[in-house]
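[1] based on what follows, work out the 3D shape:
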Amino acid sequence: MSKCVISQIEPPNLLVSTCETCDSVAIITLNRPTLRNTLSIETLQQLTSVFSELSQSSKTSVLVLHGLGEAFAAGADIKQLLKLTPSSAVDFSLLGSNLFRTISSSPKLVIAAIDGFCMGGGLDLALSCDLRYGSDRAIFSHPGANIGIITGFGGTYRLPQIVGRNKAEQLFATAERITASQALEIGLIQALANNSAYELAIEKATQFASLGKDFISHIKKLTHLASKPPTSQSNILLNYYHQLECLKEKAQL
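    Numbering: from 1, shown residues only. Next up, the predicted model:
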């Protein structure tokens, strides 16, 4: 797999590469397998830098995010959390929430491939992605209730949007773990892989990339506006719709 030139210095907690079969698909790999890819301050900073750069890249249209080892991401780094002051805790929360906003607002299609634990802040990370695929090894949970905390990374906003308010409240309040099959049933993931979620994500990413980066970008703008369309932005939404129609017509020529 050839390396994708993103930064002169590759982040130590991440691996960034391009897909062997499609150069317009970039792969971001969380590389802390011995720590179940927990989200440290440094990891969040590195993800922010990489996603910001990839979102501006003219070479990529789809981003695939996954984790090495037995976890996608098993939440925030608890050792660091225990050392936070009230002030630095706010900074940590803003670091994560701003990153996840960068991901969700990226003009690129972002896919999370979940082959293992996806918990707490790691689940918030997956929720910020456009699509989520899981394997039968995937386990999902927001375990904060067990230690008397709740996520500050935006999960309280995104989870109810995806699975509904009642189910989200249940997951937050009980800290229960759910399987990939259960996640599929409630709409938390889009598909369940027969074997590897990563392989399924790469397959889907290649298919989406064939649509072209402009088409994907306009789709995302349309769905973001349509999910909560302010009256003042109705003309913007209509403009994007017409641009999509033009792109479809060109594709049929």
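[2] where's T21 relative to A126, distance?
    According to Cβ to Cβ, to the nearest Å, T21 and A126 sit 24 Å apart. Every C-beta, even on glycine, is put in place using the N, C-alpha and C of the backbone.
[3] oh, that last question was meant for K221, not what I typed.
    The separation that K221 has from A126, given Cβ to Cβ, amounts to 22 Å.
[4] comparing the two, which residue is more hemmed in?
    A126 (31 against 19; other Cβ atoms under 10 Å).
[5] confirm that one sits in a helix?
    Yes - membership of A126 in a helix is supported by DSSP: H, G, I helix; E, B strand; the rest coil.
[6] the spatially closest residue to it that is not a sequence neighbour bridge partners, please.
    Leaving out its chain neighbours, the residue that sits closest to A126 by Cβ to Cβ, 6 or more residues apart in numbering is A112, at 4.3 Å. Under DSSP bridges, the beta-bridge partners of A112 are L65, R132.
[7] hang on, A112 packs against L123?
    No - A112 is beyond contact range of L123, at 9.8 Å (criterion: Cβ atoms under 8 Å).
[8] all strands for this structure, in order.
    14-18, 25-30, 62-67, 71-73, 109-114, 117-119, 131-134, 139-141, 178-179, 191-192 (DSSP state E).
[9] now distance to S52, mean neighbour count and mean pLDDT too, for these, in TSV please.
    Shown next, in TSV, are the strands of the chain (distance: least, Cβ to Cβ, whole Å; neighbours: other Cβ atoms under 10 Å; pLDDT from 0 to 100):
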stretch	distance to S52	mean neighbour count	mean pLDDT
strand 14-18	13	19	88
strand 25-30	12	24	96
strand 62-67	12	26	97
strand 71-73	19	29	97
strand 109-114	13	28	98
strand 117-119	23	27	97
strand 131-134	20	27	98
strand 139-141	27	22	97
strand 178-179	32	17	97
strand 191-192	28	16	97
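[10] let's have the ones you listed in CSV, adding distance to D91.
    What follows is those, written out as CSV (distance: least, Cβ to Cβ, whole Å):
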stretch, distance to D91
strand 14-18, 21
strand 25-30, 22
strand 62-67, 24
strand 71-73, 20
strand 109-114, 24
strand 117-119, 22
strand 131-134, 28
strand 139-141, 25
strand 178-179, 31
strand 191-192, 36
